[in-house]
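K.L.:
sequence plus predicted model, see below.
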Amino acid sequence: MPRLYTLAQARRSLPALAAVVIVMRKRALRLDELTALRSSMRRTTSADGDPIVSDESEIQAEITKLEGQIATLIEHIQQQDVEVKDIRRGLIDWRAERDGREVYLCWQYGERTVNWWHELADGFAGRQPIVVSEWT
């Protein structure tokens, strides 16, 4: 059973997690760049229409390295019973209890603190602002 966080616990854990999310996000965005570059290299053709064979091994090696680093960062976050919802947006959720049911406390890269929550089934679109007096 996953750990249930209080609002205070989630907010206290945020600085360390945000640092990991920032690195994870940068790696994911770089991965996207390299994947697009590799794809464009494969589509490149010479003037006579024949494909140009290019050495993709360096790009593939970096892609593989980034994928491993991202997996390690995700695992680090998950080991704290925090869920990674979107790598590129830097979106993470902590399970919490509200009115006797499990919900998520929600944070996204760029936000100052944990100021949102949503029902488990609602996802990001169902985010609601936290009214601190309702969470103490």
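P.N.:
All right, it came through fine. Being a predicted model, the structure only gives us computed values, none of them experimental.
K.L.:
list the buried residues of stretch 67-78.
P.N.:
For stretch 67-78, a neighbour-count test (16 or more other CB atoms under 10 Å) marks 69-70, 73-74, 76-77 as buried. To be clear about C-beta, it is placed using only N, CA and C from the backbone, and glycine gets the same treatment.
K.L.:
report the mean confidence score over the helix or strand hosting A61.
P.N.:
Assigned by DSSP states H and E, A61 falls within helix 57-78. Mean pLDDT, helix 57-78: 94.
K.L.:
ditto for stretch 9-23
P.N.:
Stretch 9-23 shows a mean pLDDT of 98.
K.L.:
quick one: that stretch to chain centroid distance?
P.N.:
The chain centroid and the centroid of stretch 9-23 are separated by 12 Å under CA atoms, centre = their mean, to the nearest Å.
K.L.:
offset the numbering so it begins at 42, please.
P.N.:
Sure thing, new numbering starts at 42, so read that last one as stretch 50-64.
K.L.:
okay, and the beta partners of E138?
P.N.:
Assessed by DSSP bridges, E138 has beta-bridge partners E143.
K.L.:
my read: it touches L45, true?
P.N.:
Yes: the criterion here is CB atoms under 8 Å, and E138 meets it with L45 at 5.2 Å.
K.L.:
which of the residues in stretch 118-137 are buried?
P.N.:
Residues of stretch 118-137 classed as buried by neighbour count (16+ other CB under 10 Å): 118, 123-126, 128, 131-137.
K.L.:
closest to T105 among those residues?
P.N.:
Checking the buried residues of stretch 118-137 against T105 by CB to CB gives I128 as the nearest, at 16.6 Å.
K.L.:
restricted to helices, list the buried residues of stretch 118-137.
P.N.:
Among the buried residues of stretch 118-137, DSSP state H puts I118 in helices.
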